[in-house]
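S.K.: fold the following and give me the result.
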Amino acid sequence: MFSSFPARAKLWWRAAASNIRNQLSEGIIAPIIPQHKSHLRSDQIDSVSTNADHRDMNQVGRDDLNITKGTTMMLNRRGLFALALMPFMGVPAMAQTLPDHITIATEGAYPPWNYTAPDNSLIGYEIDLIKILCERMKTKCDVISQEWNGIIPGLTVGKYDAIIASMGVTEERKKVVAFSKPYARAPNGFLTTGDNELKDLPDPGQSFDLATKPEQAAAVLAAIKAKLEGKVIGIQTGSTAAPFAAEYLKGLDVREYPTFEQLGLELTAGRVDIAIANVTAFKAIIDANPPGTLVFTGPTFAGGVLGLGTTNVAFRQGEAPLQAAFDTAIDEINKDGTNAALTSKWFGTDISIKE
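M.R.: Model (predicted):
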């Protein structure tokens with residue numbers, strides 16, 4: 001079809017096609033379903049989706065634009081011309097709209113981040129956070145509880161739209177889901193009982209990054225590992241502490257528990273000597289026991305297998321409009337102090353994002 005075009009015209013149309021392809025892939029514009037439905041079979045019309053990540057733009061001609069994989073979209077030359085010029089004219093591109101109803105999953109067993117009250121209602125920092133974020137996004141949100149082991153699979157199969165459950169970003173998780181901007185800081189650390197010799201682990205209160213200063217972190221971990229010989233170490237199944245223990249505590253007695261609440265009970269009962277987890281999860285269990293029963297020990301770690309040391313909202317990959325809406329709301333509450341007040345309320349300290 002391009003053979004009859006002058007050289008400049010061919011280059012222009014190719015540039016226009018490339019421009020539209022980029023806008024579709026980034027979710028900046030959404031395909032337009034033609035008014036003349038005779039161009040589509042009925043099954044094609046019903047299957048049209050506005051999710052740009054599920055499309056593959058292969059061919060562009062003067063008069064029509066064909067998008068394969070079961071969906072056909074027709075644009076006349078005037079429409080194609082307008083779309084191609086949008087970035088240069090400053091005209092807002094057609095935006096995909098945010099759903100008016102979002103379902104969000106949380107674990108409901110990780111106080112004070114999220115947990116279940118005696119009346120079976122969900123409470124905690126992230127439950128309050130969800131309410132605020134949804135108000136900022138002006139959308140209705142339902143919150144459901146989901147066991148941690150199945151929380152990512154439930155998202156990928158469409159059981160809910162997002163996860164807000166003290167989830168950190170790791171390279172492995174990024175292969176499966178997408179993440180928002182961070183809404184809180186959450187390194188991993190150690191918790192033990194006040195009468196256990198492990199209460200005096202080296203480098204208390206220090207922070208080490210496994211990614212940016214690996215040699216320094218490795219030296220500290222070697223000293224800690226020597227102290228943990230013969231001890232029972234508890235972690236939560238599927239948490240960032242699991243790959244951390246597998247990488248740095250090989251050969252030690254590491255036991256996994258389905259929830260942090262169960263791990264805490266085992267720790268206070270003396271069946272576990274030390275717990276490794278997101279340090280913000282420790283406050284609730286410390287406060288639930290007499291003073292001195294449970295204590296922080298040793299340093300904290302982030303980076304590497306532990307991820308960025310932040311907590312982020314998780315989405316299915318390709319949900320650009322939803323992710324953008326959350327990012328905007330998260331930026332707002334971090335900048336205006338709303339999140340600082342909220343984290344101080346639930347954790348006794350401000351762990352909001354300052355950057």
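S.K.: please, where are all the helices along the protein?
M.R.: 7-25, 42-47, 77-89, 125-137, 151-156, 171-174, 214-228, 241-248, 260-268, 282-287, 320-335, 338-347 (DSSP state H).
S.K.: compare the mean pLDDT across the ones you listed and name the weakest.
M.R.: Lowest mean pLDDT of the helices of the chain: helix 42-47, a mean of 31.
S.K.: quick one, what contacts the nearest residue in space to K225 that is not next to it in sequence?
M.R.: Distances taken as C-beta to C-beta, 6 or more residues apart in numbering put L249 closest to K225, at 6.0 Å, once the chain neighbours are dropped. The C-beta positions use only the backbone N, C-alpha and C, and glycine is treated the same way. Applying C-beta atoms under 8 Å, 6 or more residues apart in numbering to L249 gives the contacts 225, 228, 233.
S.K.: same check, this time on P111
M.R.: 124, 260-261, 281, 284-285.
S.K.: quick one: residues contacting C134.
M.R.: Under the criterion of C-beta under 8 Å, 6+ apart, the contact partners of C134 comprise 102, 140-141.
S.K.: of the residues you listed, which belong to strands?
M.R.: Among these, the residues falling in strands (DSSP state E) are 102, 140-141.
S.K.: of the residues you listed - the most surrounded one?
M.R.: I102 (21 neighbours; other C-beta atoms under 10 Å).
S.K.: for that one, what are its contacts?
M.R.: With contact taken as C-beta under 8 Å, 6+ apart, I102 is in contact with 134, 139-142, 161-162, 322.
S.K.: swap in 10 Å and give it another go.
M.R.: Residues touching I102, when contacts are defined by C-beta atoms under 10 Å, 6 or more residues apart in numbering, comprise 130, 133-134, 137, 139-143, 160-162, 322, 325-326.
S.K.: from the residues you listed, which would you call buried?
M.R.: Under a neighbour-count criterion of 16 or more other C-beta atoms under 10 Å, the subset of the contacts of I102 counted as buried comprises 130, 133-134, 137, 139, 141, 143, 160-162, 322, 325-326.
S.K.: redo those as a markdown table? Include distance to F179.
M.R.: Rendered in a markdown table, the data for the buried ones among the contacts of I102 read as follows (distance: C-beta to C-beta, whole Å):
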| residue | distance to F179 |
| --- | --- |
| I130 | 16 |
| L133 | 15 |
| C134 | 18 |
| M137 | 17 |
| T139 | 19 |
| C141 | 18 |
| V143 | 19 |
| Y160 | 16 |
| D161 | 14 |
| A162 | 10 |
| L322 | 12 |
| A325 | 14 |
| F326 | 10 |
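S.K.: ok, these vs V295, which is closest?
M.R.: Proximity of the buried ones among the contacts of I102 to V295 (C-beta to C-beta) peaks at I130, which lies at 31.4 Å.
S.K.: any idea how far G158 is from the closest one?
M.R.: Distance from I130 to G158, counting by C-beta to C-beta, to the nearest Å: 19 Å.
S.K.: ok, now F244?
M.R.: Taking C-beta to C-beta, one finds F244 at 31 Å from G158.
S.K.: which one's more surrounded, the two?
M.R.: Neighbours per residue, other C-beta under 10 Å: of F244 and G158, the larger number sits with F244, 21 against 9.
S.K.: wait, isn't the more buried one in contact with L306?
M.R.: Yes: between F244 and L306 there is a contact under C-beta atoms under 10 Å: 5.5 Å.
S.K.: between these two, which contacts overlap?
M.R.: Here F244 and L306 share the contacting residues 188, 210, 276, scored by C-beta under 10 Å, 6+ apart.
S.K.: which of the residues you listed ranks first by neighbour count?
M.R.: I276 (27 neighbours).
S.K.: tell me the two of the buried ones among the contacts of I102 that are most distant?
M.R.: For those, and using C-beta to C-beta, no pair is farther apart than V143 and A325, which are 16.7 Å apart.
S.K.: want to try JSON lines for the contacts of L249, with distance to F296 as columns?
M.R.: Listed next are the contacts of L249 as JSON lines, based on distance: C-beta to C-beta, whole Å:
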{"residue": "K225", "distance to F296": "19"}
{"residue": "L228", "distance to F296": "16"}
{"residue": "I233", "distance to F296": "16"}
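S.K.: could you pick out the buried ones from those residues?
M.R.: 228, 233.
S.K.: OK, contacts around the residue nearest the centre of the chain?
M.R.: When the chain is reduced to its mean C-alpha position, the closest residue under C-alpha atoms, centre = their mean turns out to be A314, at 2.9 Å. Taking C-beta under 10 Å, 6+ apart as the definition of contact, the neighbours of A314 are 105, 151-152, 155-156, 162-165, 167-169, 173-174, 176-180, 323.
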